[in-house]
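Asker: Pasting a predicted model and its sequence here:
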Amino acid sequence: MPTFPQLALPSRRVTSTDVAREAGVSQSAVSRAFTPGAHISAPTRRRVLEAAQRLGYQPNAIARSLVTQRSGIVALIVGDLHNPFYPQALSQFAQELEEQGKRALLIIHDARQDVQETLNAARSYQIEAAIVFPTRLNAAPPSLGDVSRGGVPVLLFNRHLPGHNLLSVACDNFAGGRLAAQVLLDSGAKRLAFIGGDPQTSTHQDRLAGFTERLSEAGLSPIAAPAGNFQYDWGVQATLDMHAAGEWPDAIFGANDIVAIGVLDALRHLGRRVPEEVSVIGFDDIQESARLSYRLTTIRQPLEQMIADALQVISDPQPASGPRLHPGELIWRETVRRTL
């Protein structure tokens, strides 16, 4: 008669009570040891963590959330991962949340859906807050209920919806557009173009409005301002299209860095020298913009300050009166002609 190996029964799950007994502390001390920012002495915390390691204990986040009614989960809702700015921002958000003892839940938004549908789906994960990146100006204001009545805070990041009282943290894109125009004017440019992103976003519209206003003050207007999306291929195509139409700008403002990098590659293909013949400036200061093959002059978004501000806002949400704006910073590299 064949014999079969005896299956080992799963061992009992180690609990916080076991850790408390092993460490010689109270169960509440074990809980505080695993709660970031909780009041507990360093020696006691060390004793608890050592006991937990010996026993193989891991705190049960789900059970804790049922007791505290706080999941520690913040949804990060993004739709355009082709733009390197967003993976960079998401990574920094996740790190900051980790340091606060929270977790980031990444949700990819389908552009064919309303953002509200994505928010409603995120709520099923018992999120504590949601930070929304993709928002079009023609969208209904996203919400997960009145925060004062137990709703979930929803914050727009680097976006805003004019006329709506929403939590929002953004770079000052209008002022950044003015700054880009000023830098190009100072380089001696007379025929300036703007290659925009998604025309239904506040980011595009604010940067274009600031750029156009400053040119108007100088008695100029953009010779072209095509809009498409915030992607590399669009920067290439828009530049080639301007060339085919006989429009020869001596300066181009790309609505963001990845568009501006596409502009640079298209100009190389056309044999136009940067910055001798054409100055180019971008916006964001993504990592690629500093690479030797581009050395793009750009306007840096103060990402660390914006993220810290956003997390502070959702931790203590108050009625908003418009976006909380952070000024951009000019980063000089090699794609804008300097004048003496």
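Answerer: Everything's here; your move.

Asker: residues contacting the residue nearest the centre of the chain?
Answerer: Nearest to the geometric centre of the chain sits residue 89, at 3.8 Å (CA atoms, centre = their mean). Applying CB atoms under 8 Å, 6 or more residues apart in numbering to residue 89 gives the contacts 133, 157, 158, 303, 307. No exception for glycine: its C-beta is placed from N, CA and C like everyone else's.

Asker: Wait, the fourth one touches residue 86, no?
Answerer: No - with the criterion set as CB atoms under 8 Å, residue 303 and residue 86 do not qualify as a contacting pair; they are 10.8 Å apart.

Asker: residue contacts, residue 160?
Answerer: Applying CB under 8 Å, 6+ apart to residue 160 gives the contacts 166, 168, 170, 202, 322, 323.

Asker: between these, which is nearest residue 40?
Answerer: The shortest gap between residue 40 and any of the contacts of residue 160 belongs to residue 168, at 36.7 Å (CB to CB).

Asker: The closest one: neighbouring residues, count only.
Answerer: 24 (other CB atoms under 10 Å).

Asker: Then residue 42?
Answerer: Residue 42: 7 neighbours (other CB under 10 Å).

Asker: where exactly do the strands run in the stretch 51-200 of the chain?
Answerer: 73-78, 103-108, 129-132, 154-157, 167-171, 192-195 (DSSP state E, counting those that start in this stretch).

Asker: Dump the second one to PDB, keeping only the CA atoms.
Answerer: Read it as strand 103-108. Output of strand 103-108 as PDB, limited to C-alpha atoms (Å, rounded to 0.1, in the frame of the first residue of the first chain):
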ATOM      1  CA  ARG A 103       0.700  53.500   1.100                       C
ATOM      2  CA  ALA A 104       0.200  54.800  -2.500                       C
ATOM      3  CA  LEU A 105      -2.400  53.100  -4.700                       C
ATOM      4  CA  LEU A 106      -1.700  53.800  -8.300                       C
ATOM      5  CA  ILE A 107      -4.700  53.800 -10.600                       C
ATOM      6  CA  ILE A 108      -4.400  54.400 -14.300                       C
END
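
Asker: That strand to strand 73-78, inter-axis angle?
Answerer: 30 degrees (axes from the mean of the first three to the mean of the last three CA atoms, to 10 degrees).

Asker: swap in the fifth one?
Answerer: Strand 167-171 runs at 50 degrees relative to strand 73-78, counting by the same axes, to 10 degrees.

Asker: Residues contacting strand 167-171, please?
Answerer: Contact partners of strand 167-171, identified using CB under 8 Å, 6+ apart, comprise 153-161, 202-203, 301-302, 306, 309-310, 313-314, 317, 320, 322-328.

Asker: And the residue nearest to the centre of the chain, how far from residue 288?
Answerer: Distance from residue 89 to residue 288, counting by CB to CB, to the nearest Å: 15 Å.

Asker: what pLDDT does residue 8 get?
Answerer: As predicted, residue 8 sits at a pLDDT of 48.

Asker: do the same with the one 10 residues further on
Answerer: For residue 18, the model assigns a pLDDT of 86.

Asker: try residue 228
Answerer: 95.

Asker: coming back round to it: closest one of the contacts of residue 160 to residue 297?
Answerer: Nearest member of those to residue 297, counting by CB to CB, is residue 170, at 21.8 Å.

Asker: Bridged to the closest one, which residues?
Answerer: residue 325 (DSSP bridges).

Asker: List the buried residues in stretch 307-321.
Answerer: 307, 309, 310, 311, 313, 314, 317, 320 (16 or more other CB atoms under 10 Å).

Asker: what sits against the fourth one?
Answerer: Residue 311 makes contact with 93, 96, 97, 100, according to CB under 8 Å, 6+ apart.

Asker: Are any of those buried, and if so which?
Answerer: Using 16+ other CB under 10 Å, the buried members of the contacts of residue 311 are 93, 96, 97.

Asker: now, which of those sits nearest residue 279?
Answerer: residue 93 (33.2 Å).

Asker: so the closest one makes contact with residue 78?
Answerer: No - in this structure, residue 93 is not within contact of residue 78 by CB under 8 Å, at 9.9 Å.

Asker: Please indicate which of the contacts of residue 160 are buried?
Answerer: Buried among the contacts of residue 160 by 16+ other CB under 10 Å: 166, 168, 170, 202, 323.

Asker: sorry, back to before: for residue 253, state which of the contacts of residue 311 is nearest.
Answerer: residue 93 (27.5 Å).

Asker: What's the separation between that closest one and residue 209?
Answerer: Using CB to CB, residue 93 is found at 28 Å from residue 209.

Asker: got it, and residue 242?
Answerer: Residue 242 is 21 Å from residue 209, by CB to CB.

Asker: Buried residues in stretch 253-270, which are they?
Answerer: 253-264, 266-267.

Asker: what do you get for stretch 103-120?
Answerer: Under the neighbour-count criterion of 16+ other CB under 10 Å, stretch 103-120 has 104, 105, 107, 109, 115, 116, 118, 119 buried.

Asker: and it, how far from the chain's centre?
Answerer: 14 Å (CA atoms, centre = their mean, to the nearest Å).
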